[in-house]
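Trainee: Requesting a structural model of the entry that follows:
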Amino acid sequence: MKFRKMMMAAAAGMMILAGCGSGQGEETKAESGKEVLKVGVECAYPPFNWTQTEETTTSGKEAEPIYGTSQYAYGYDVAVAQEMARALDMDLEVHKSEWASITQGLDAGDYDVIISGMGRTAKREQSYDFTDPYYYRTNCLVVKKGSGLEEIKGLSDLAGKNVTVTTQLGTGWVDLLDQIPDATLGANYETTSECFMAVNNDVADVVVVDKPTARAALATNPDLSIVTLDENDKFKNDEEMTNICIAVRKGDEETLKKMEEGLEKIGLTSKEDMDKLMDESFQDVPASTIGG
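Mentor: The predicted model follows:
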């Protein structure tokens, strides 16, 4: 394990000395003879993805080195990327990016695809192409226990409660916030961890997020509660935030075809298989990655 970390540190140092962002990818291809699957990942969105210091997860799975660092990434997205790289006989290269700038890295060519819990929205489809979904999620609310809000069944129950709502910046959830009746729009945050912390600290009353992310937060924060909205009293036109897809640059048909081929090869097509992999990812989420 120490040897691997020393080699990674040396490789990172060589990359910095070379002063070329794509140099490591080219070197990997030259050494292995394989193409490199360069993936942009937020690495701060458990259970879909997170950053850790150890090269293996708590259950012994191999985490993925983060390009240019001595850190590692894992989570549902990384597991999918690993399986796809193996199926396509490619080397995997994970690039960490803040969510607010993750599409900029794709535009700049720092990586060729985004596998990072990204919803396929009509707005995003104007600038990027997407594969079929590799996960289907459900939107929900997260509130503080003891606030009285954990008993609500639907959005209409929030009428007259004058709650302050928040969500993650740059997501499709931002467009859903104004559907909450009599709500005050609070500050939105760079990460979901900061959103949950805002509720804990009584800065906000309600977080709009997806259920897997909420479930991960509750695993280490018993003061939070998930509200699953009734089918007849939930967000309208929120389907865009339930389809998690791989994004590629607009018009990059070759990469899009390769990603669709990879998804087909790993057979991640049924909700049952997706949920099984998500459950496995939950087991490895480090408590330190979740705000509370």
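Trainee: Helices of the stretch 1-150 of the chain, start to end?
Mentor: Using DSSP state H, counting those that start in this stretch, the helices found in the stretch 1-150 of the chain span residues 2-18, 23-32, 76-87, 102-108, 122-125.
Trainee: which non-adjacent residue is nearest Thr166?
Mentor: Excluding the flanking residues, the one nearest Thr166 by C-beta to C-beta, 6 or more residues apart in numbering is Ala204, at 4.2 Å. (Glycine included, C-beta is placed from N, CA and C.)
Trainee: any idea how far that neighbour is from Lys144?
Mentor: 9 Å (C-beta to C-beta, to the nearest Å).
Trainee: With Asp89 instead?
Mentor: Asp89 sits 48 Å away from Lys144 when distances are taken as C-beta to C-beta.
Trainee: more crowded one of these two?
Mentor: A count of neighbours by other C-beta atoms under 10 Å puts Lys144 above the other of Asp89 and Lys144, at 21 against 10.
Trainee: neighbours of Val165, just the number please.
Mentor: Residues near Val165, counting by other C-beta under 10 Å: 23.
Trainee: Helix or strand for Gly251, just tell me which one.
Mentor: Assigned by DSSP states H and E, Gly251 falls within no helix or strand.
Trainee: I figured it hits Asp129, correct?
Mentor: Yes. Using C-beta atoms under 8 Å, Gly251 makes contact with Asp129 at a distance of 7.2 Å.
Trainee: Between the two, which is the more surrounded one?
Mentor: Asp129 (19 against 10).
Trainee: partners of that one in the sheet?
Mentor: Bridge pairing for Asp129 (DSSP bridges) gives the partners Val248.
Trainee: For it, give me its contacts.
Mentor: Residues near Asp129 by C-beta atoms under 8 Å, 6 or more residues apart in numbering: Ala247, Val248, Arg249, Lys250, Gly251, Asp252, Glu253, Leu256.
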